[in-house]
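Colleague: Okay, sequence plus prediction incoming.
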Amino acid sequence: MTNRPNDILDTGVTSDIGRRAYEHRESLVKDLPSAMVSSASCTGSSTKPLRAAILRESNMRHWPRAWKAQLIVNSNPGWLDLFETLNQ
């Protein structure tokens, strides 16, 4: 999540990306970035995908900003808000 390309980059884990992106977009949680510019999913019926997602997010928090920005640019060069693509 971000507000613009050279601003805050916020990472997180959720079981409901649509709800969480909506909360950010509609400013239901104060002072959070509003545009979802990248996402990754972990699927499965066990707890392993959740643990993997939490570990990945925890590791990403320690990455340099440039690495996170490059990850976004690779999949979303225009830093477009991907909220509308969630239901597609």
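Modeller: The structure has been received and is ready for your questions. Numbering: from 1, shown residues only.

Colleague: Please count neighbours and contacts with C-alpha atoms only from this point.
Modeller: Fine.

Colleague: Tell me where the model's unsure across this protein.
Modeller: The chain contains residues with pLDDT under 70 at 43-46, 88.

Colleague: What segments of it are helices?
Modeller: Applying DSSP state H to the chain gives helices spanning 17-25, 48-60, 65-75.

Colleague: which residues touch the longest one?
Modeller: The contact list for helix 48-60, computed with Cα atoms under 8 Å, 6 or more residues apart in numbering, reads 11-13, 41-43, 68.

Colleague: export those to JSON lines and tack on neighbour count?
Modeller: Below are these laid out as JSON lines (neighbours: other Cα atoms under 10 Å):
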{"residue": "11", "neighbour count": "16"}
{"residue": "12", "neighbour count": "15"}
{"residue": "13", "neighbour count": "17"}
{"residue": "41", "neighbour count": "11"}
{"residue": "42", "neighbour count": "11"}
{"residue": "43", "neighbour count": "11"}
{"residue": "68", "neighbour count": "17"}
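
Colleague: Brilliant, that's me finished.
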